[in-house]
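Q: Need coordinates for the following:
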Amino acid sequence: MDFSAKGDDDSAVQGAELLRIMATPVRISILRSVAREKLCVGDIAARMGIGVVSASHYMRDFHRHGVVSEEKIGANVFYSLSSSAISQLLSAVCDETI
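A: Model prediction:
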């Protein structure tokens, strides 16, 4: 998903969808964590105090919408933010530098 500003209805829909998938405290916390370092689902689940199935669902949703990138290393898939635009949005939302 391209999150660049187009000034048309499509970009408004894309922006709303991006905000929707970030719209819970746990999802924002996950994104803040993967903004700082590459993490696998097991690490995300442990840090967030959630189940692996829930963490996997969140990451699949983020990846499907282009918010995170995947990198397979051995048997694990590690996640990081997909772009500096996502990092900037996260910084603005959290009122901190990510």
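Q: going forward, measure contacts and count neighbours with C-alpha atoms only.
A: OK.
Q: And the strands in this structure?
A: Under the criterion DSSP state E, the chain contains strands at 39-40, 68-73, 76-81.
Q: Tell me which of the ones you listed sits nearest to residue 20.
A: Nearest to residue 20, of all the strands of the chain, is strand 68-73, at 15.0 Å by Cα to Cα.
Q: Relative to the whole chain's centre, how far out is that closest one?
A: Distance, stretch centre to chain centre, for strand 68-73: 12 Å (Cα atoms, centre = their mean, to the nearest Å).
Q: That strand - which strands sit beside it in the sheet, and in what orientation?
A: Its sheet considered, strand 68-73 pairs with strand 76-81 (antiparallel) by DSSP bridges.
Q: The partner strand: which residues count as buried?
A: By 16 or more other Cα atoms under 10 Å, the buried positions in strand 76-81 come out as 78, 79, 80, 81.
Q: Bridged to the closest residue in space to residue 35 that isn't next to it in sequence, which residues?
A: Closest residue to residue 35 apart from its sequence neighbours, by Cα to Cα, 6 or more residues apart in numbering: residue 81 at 5.5 Å. Partner residues in beta bridges with residue 81, using DSSP bridges, are residue 68.
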